[in-house]
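S.K.: Have a look; sequence and predicted model below, questions after that.
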Amino acid sequence: MARTRLARPATVLAAALVGVSLVPGVASAHVRYVTSTEQVGEGLAFLTAALADPVNVAALAGGGLAAAAAVVSYRRVRVFDRDVAAFRTVMAEYRDLLPWLLRLGFGLPLVGAGFAGYFLNPVVDPLIGGGVDRLAQILIGFMIVFGFGTRVAAGVGLLAYLIALPVAPLLVYSLEWIPGFLALVLVGSGRPSADHVFERVASTPGTFYSEVDPVRRVVEWGTDRLDPLERYVPTVVRVGMGVGFMFLGLFEKLLAPEMARGVVEQYGPSTATPIPPDLWVLGAGFGEIAIGAAIAVGFFTRASAMAALFVFTLTLFGIPDDPVLAHIGLFSLASALLITGSGPYALDNRLSDPRRAPDDSGAEGAARSARAADD
């Protein structure tokens, strides 16, 4: 009898420990996109009851200890030093493609939002109506995608988001627009882009366009002032994405348990595994908060960004009704951190290991050294 009573808790605990790293992905979508916004529930009551269950506490503690053990092992074991250094070198070589990555990541969702008829977030209706919101989003989105006046378009998009936020509070569940637009303002269009083409033609002596270009001086004025700030792009992306992730984990999972539980019950992970719905919700909430906090402070930034990408990918497979376009921006931000690393004002800068630094040999290394000298 005692063995029977212990069998189920032991099975649940074992399965939870194995699946704790997968929990955020299956229940971590913007749950408001796939369930009713009225089913919120009492967050504090849910947390009190769920955390009173020793099985839930043991599973969460086990996941935390496993993550801590992985960090300690990584710091002590040097088997993968060359692999890590090589990976960082490859990522650094993609730095010139960062503007293009961000342009696609935020321009395409804008175009999609315009054609789908919502304002930035699938649960936010157009604010002005008459097709104005739709046309504005499509126009700004295409400007960003093609790299035509990228900084201006991104600045307008950021301003529109901030103005609309008090009117449509649900936009707070799409905080990724803030670091996305701001990063585009700082990095500009890059190449390939329409801005790059026009700039090259305008700077070529003897061309007709160089004589009549109406915006060249304005662009040069803005470029001279914004280019020195580009080094803070990783910091902007880190903090913005991390805060957004923590917000979703807290307010869409832990403090809105009925919504999150409804997603779990609708898509069936608790029936396919011995992990109960409450533990899925707890794991998703605390998992997102942990990943978001690590990204925000720059703690193992690239590894945390990979964990975020893993979560997003599981979401696409686990919740097929979730609108893919609404998550492209988050994919873009996480991918950007793989390229840039943590940037300034990050905990990683205090924990960096020279043996795992990118290889500075060759042309790419020389270019990085020159950029560092300029800074």
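M.R.: All right, it came through fine.

S.K.: ok, residues contacting stretch 95-106?
M.R.: Defining contact as C-beta atoms under 8 Å, 6 or more residues apart in numbering, one finds that stretch 95-106 is touched by 144-145, 147, 150, 154, 157, 177, 180-181, 183-184, 187-193, 233, 328-329, 331-333, 335-336, 339-340. All C-beta atoms are positioned from the backbone trio N, CA, C, and that covers glycine.

S.K.: Which positions in that stretch come out as buried?
M.R.: 95, 98-103, 105-106 (16 or more other C-beta atoms under 10 Å).

S.K.: Ok, stretch 85-95 next?
M.R.: Within stretch 85-95, the residues scored as buried using 16+ other C-beta under 10 Å are 85, 88-89, 91-93, 95.

S.K.: quick revisit: can you tell me which two in the buried residues of stretch 95-106 are farthest apart?
M.R.: Greatest spatial distance among the buried residues of stretch 95-106 (C-beta to C-beta): Arg95 and Phe106, at 18.4 Å.

S.K.: Tell me where the model's unsure across the stretch 151-300 of the chain.
M.R.: For the stretch 151-300 of the chain, the stretches flagged by pLDDT under 70 are 214-222, 267-274.

S.K.: rewinding a little: which one of the buried residues of stretch 85-95 is nearest to Phe46?
M.R.: Once C-beta to C-beta is applied, the member of the buried residues of stretch 85-95 that ends up nearest Phe46 is Met91, at 39.9 Å.

S.K.: if I pick the closest residue to that closest one other than its chain neighbours, what's in contact with it?
M.R.: Closest residue to Met91 apart from its sequence neighbours, by C-beta to C-beta, 6 or more residues apart in numbering: Ile339 at 5.1 Å. Shown in contact with Ile339 (C-beta under 8 Å, 6+ apart): 91-92, 94-95, 97-98, 101.

S.K.: same check, this time on Pro344
M.R.: 231-232, 234-235 are the contacts of Pro344 under C-beta under 8 Å, 6+ apart.

S.K.: one step back: gap between the residue nearest to Met91 and Leu229?
M.R.: 18 Å (C-beta to C-beta, to the nearest Å).

S.K.: Check Leu347 too.
M.R.: Distance from Leu347 to Leu229, by C-beta to C-beta: 22 Å.

S.K.: So if I had to pick from those two, which one is more boxed in?
M.R.: Leu347 (15 against 12; other C-beta atoms under 10 Å).

S.K.: Can you tell me how far that one is from Val324?
M.R.: Distance from Leu347 to Val324, by C-beta to C-beta: 32 Å.

S.K.: Next: Val212.
M.R.: From Val212 over to Val324 (counting by C-beta to C-beta), the distance is 43 Å.

S.K.: So which of these two has more stuff around it?
M.R.: More crowded of Val212 and Val324, by other C-beta under 10 Å: Val324, with 13 against 9.

S.K.: Spell out which residues sit in contact with the more buried one, please.
M.R.: Leu316.

S.K.: Would you mind checking the average pLDDT for the one helix or strand Trp100 maps to?
M.R.: Using DSSP states H and E, Trp100 falls within helix 98-116. Averaged across helix 98-116, the pLDDT comes to 94.

S.K.: Touching whichever helix or strand comes after that helix from outside, list them.
M.R.: Per DSSP H and E, the first helix or strand lying C-terminal to helix 98-116 is helix 132-146. Helix 132-146 is touched from outside by 103-104, 106-115, 117, 119-120, 126-127, 148-150, 152-154, 156-157, 160, 184, 193-194, with contacts defined as C-beta under 8 Å, 6+ apart.

S.K.: Stretch 300-313 too?
M.R.: 21, 24-25, 28, 71, 74, 87-88, 91, 234, 238, 241, 245, 287-288, 291, 294-295, 327, 330-331, 334-335, 337-338, 341-342, 346, 348.

S.K.: Mind checking which of these are buried?
M.R.: 21, 24-25, 28, 74, 88, 91, 234, 238, 241, 245, 287-288, 291, 294-295, 327, 330-331, 334-335, 337-338, 341-342, 346, 348.

S.K.: in this structure, which spans are strands?
M.R.: In the chain, no strands are found when defined by DSSP state E.

S.K.: Which segments of it make up each domain?
M.R.: According to automatic domain parsing, the chain comprises the domains 25-52+80-95+234-374, 96-232.

S.K.: Distance to Ala66 added to these, as CSV?
M.R.: Output for those, formatted as CSV (distance: least, C-beta to C-beta, whole Å):
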stretch, distance to Ala66
domain 25-52+80-95+234-374, 12
domain 96-232, 28
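
S.K.: What residues does the residue lying closest to Ala293 once chain neighbours are set aside make contact with?
M.R.: Distances taken as C-beta to C-beta, 6+ apart place Met246 nearest to Ala293, at 6.0 Å, with adjacent residues excluded. Contact analysis of Met246 by C-beta under 8 Å, 6+ apart lists 288-289, 292-293, 296.

S.K.: Quick check: ChimeraX command selecting the buried ones in these.
M.R.: Command for ChimeraX, covering only those of the contacts of Met246 found buried under the criterion 16+ other C-beta under 10 Å:
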select :288,289,292,293,296
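
S.K.: Leu120 is in contact with Pro126, correct?
M.R.: No. Contact between Pro126 and Leu120 fails when scored by C-beta atoms under 8 Å: they sit 10.2 Å apart.

S.K.: Specify which residue of those two has the higher count of neighbours.
M.R.: Leu120 (24 against 18).

S.K.: Closest to the mean position in the protein, which residue would that be?
M.R.: Leu330 (3.4 Å; C-alpha atoms, centre = their mean).

S.K.: need the helices for the stretch 151-300 of the chain, in chain order.
M.R.: Ranges of helices in the stretch 151-300 of the chain, per DSSP state H, counting those that start in this stretch, are 177-187, 194-202, 208-212, 216-226, 233-248, 257-267, 269-272, 277-297.

S.K.: Kind regards, and thank you for your time.
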